[in-house]
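Undergrad: just coords:
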């Protein structure tokens with residue numbers, strides 16, 4: 001179901017040569033397509049630590065190792081941040097400012113309350129119609145609903161499902177409102193930036209529920225994240241900010257599962273190269289998800305729970 005492409009452009013051989021760290025590209029213990037060093041994570045007296053040229057990950061035959069930037073830092077005796085900077089320097093396709101969205105206005109809110117209240121029948125009917133369990137979403141994500149009379153600080157947020165947005169620590173920072181009637185001009189309406197604590201495009205939706213510190217799967221929208229579940233984060237569209245790329249670089253392995261449209265896949269490939277330049281092991285998955293009832297390509301949010309479960313297993317989350 002998934003076509004998977006790994007991205008890593010780091011010239012490991014030249015990096016280690018310039019750092020004065022002995023490395024091998026062939027011979028004993030060196031798998032094809034690897035650059036090996038003496039593993040700094042264990043009592044290695046040979047060259048069991050391998051950096052995959054294709055995938056960019058690091059693995060020791062003796063102790064399994066750790067993530068690449070830390071391996072470089074320990075092997076060369078340099079600070080971790082310096083190792084990350086050097087990996088970026090010795091990588092092709094380093095971060096280009098032209099691919100990032102323009103700077104967002106700074107949020108100034110000090111605290112935030114949410115509009116709406118518990119989900120009512122109209123909200124639940126909409127969610128069930130899209131294949132979701134309203135009670136489950138309320139429990140895990142704290143979603144609320146608004147009706148005819150709901151305004152928030154004088155702003156019209158009526159007839160919407162309110163989606164709280166948290167930072168990686170679980171602190172409420174802002175929210176979105178999703179129209180459930182299909183009649184409003186804006187499907188999504190965000191908390192005004194001056195009232196938000198953090199702009200939503202400086203956050204990753206679902207990061208507070210990601211328990212795997214080694215791997216993260218990136219999807220476009222909130223509904224995609226709800227369907228794919230914990231271990232995935234949404235970026236609120238296919239254009240990422242520097243803040244979002246910086247947050248994603250905290251995970252050693254990043255997997256993009258954007259919608260199948262060519263433009264979305266092109267964006268995923270661009271940001272995959274940027275993250276590979278940060279030392280992450282990155283792959284882009286082109287999922288063949290079939291067509292919906294209108295004949296349009298399905299995205300992850302359109303999957304059935306069983307289909308999403310199969311993809312989660314394939315991606316190892």
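TA: Sure, I can see it. Note that the coordinates shown come from a computational prediction; the quantities given were computed from them, not determined experimentally. Residues are numbered from 1 along each chain as shown.
Undergrad: beta partners for the residue nearest in space to the middle of the chain?
TA: Against the mean C-alpha coordinate of the chain, by C-alpha atoms, centre = their mean, the closest residue is residue 218 at 3.3 Å. With DSSP bridges applied, residue 218 shows beta-bridge pairing to residue 233, residue 256.
Undergrad: got the contact list for the closest residue to residue 187 other than its chain neighbours?
TA: Take residue 187 and drop its neighbours on the chain: the residue closest to it by C-beta to C-beta, 6 or more residues apart in numbering is residue 179, 5.2 Å away. For every residue, glycine as well, the C-beta is placed using N, CA and C. By C-beta atoms under 8 Å, 6 or more residues apart in numbering, the contact set of residue 179 is 159-160, 186-189.
Undergrad: Over to residue 227?
TA: 131-132, 300-303, 305, 308.
Undergrad: now swap in residue 124 and tell me
TA: residue 134.
Undergrad: distance between whichever strand or helix holds it and the chain's centre?
TA: In this assignment (DSSP states H and E), residue 124 forms part of helix 121-129. A distance of 28 Å separates the centroid of the chain from that of helix 121-129, by C-alpha atoms, centre = their mean, to the nearest Å.
Undergrad: and if you look at stretch 127-143?
TA: 21 Å.
Undergrad: now do the same end-to-end measure for that stretch.
TA: Terminal residues of stretch 127-143 are spaced 11 Å apart (C-alpha to C-alpha, to the nearest Å).
Undergrad: Quick one: residues in contact with that stretch.
TA: Against stretch 127-143 from outside (C-beta under 8 Å, 6+ apart): 118-119, 123-124, 161-164, 180, 209, 223, 226-227, 301-302, 304-305.
Undergrad: run the last query once more with 7 Å
TA: 119, 123-124, 161-164, 226, 304 (C-beta atoms under 7 Å, 6 or more residues apart in numbering).
Undergrad: which of the residues in that stretch are buried?
TA: 127, 132, 134, 137-138, 141, 143 (16 or more other C-beta atoms under 10 Å).
Undergrad: can I get those in TSV with distance to residue 255, secondary structure and pLDDT?
TA: Below are these laid out as TSV (distance: C-beta to C-beta, whole Å; DSSP: H, G, I helix; E, B strand; the rest coil; pLDDT from 0 to 100):
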residue	distance to residue 255	secondary structure	pLDDT
127	27	helix	96
132	23	coil	95
134	28	helix	97
137	23	helix	96
138	28	helix	96
141	22	helix	96
143	26	coil	97
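Undergrad: between these, which is closest to residue 48?
TA: Taking C-beta to C-beta as the measure, residue 48 lies nearest residue 141 of the buried residues of stretch 127-143, at 43.4 Å.
Undergrad: what residues are up against the residue nearest to the centre of the chain?
TA: 233, 235, 248, 254-257.
Undergrad: Can you say which helix or strand has residue 164 in it?
TA: Here residue 164 is assigned to strand 160-166, by DSSP H and E.
Undergrad: buried sites along the biggest helix by length in the chain?
TA: Secondary structure of the chain read by DSSP state H shows that its longest helix is helix 262-277. Of the residues in helix 262-277, those with enough neighbours to count as buried (16+ other C-beta under 10 Å) are 264-265, 267-277.
Undergrad: count of neighbours near residue 206?
TA: 27 (other C-beta atoms under 10 Å).
Undergrad: any idea how far it lies from residue 267?
TA: Going from residue 206 to residue 267 by C-beta to C-beta, to the nearest Å gives 19 Å.
Undergrad: In PyMOL, how would I select the buried members of the contacts of residue 227?
TA: The buried subset of those, as determined by 16+ other C-beta under 10 Å, is captured in PyMOL by this line:
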select buried, resi 132+300+301+302+303+308
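Undergrad: mind checking how far stretch 211-224 is from the chain centre?
TA: 5 Å.
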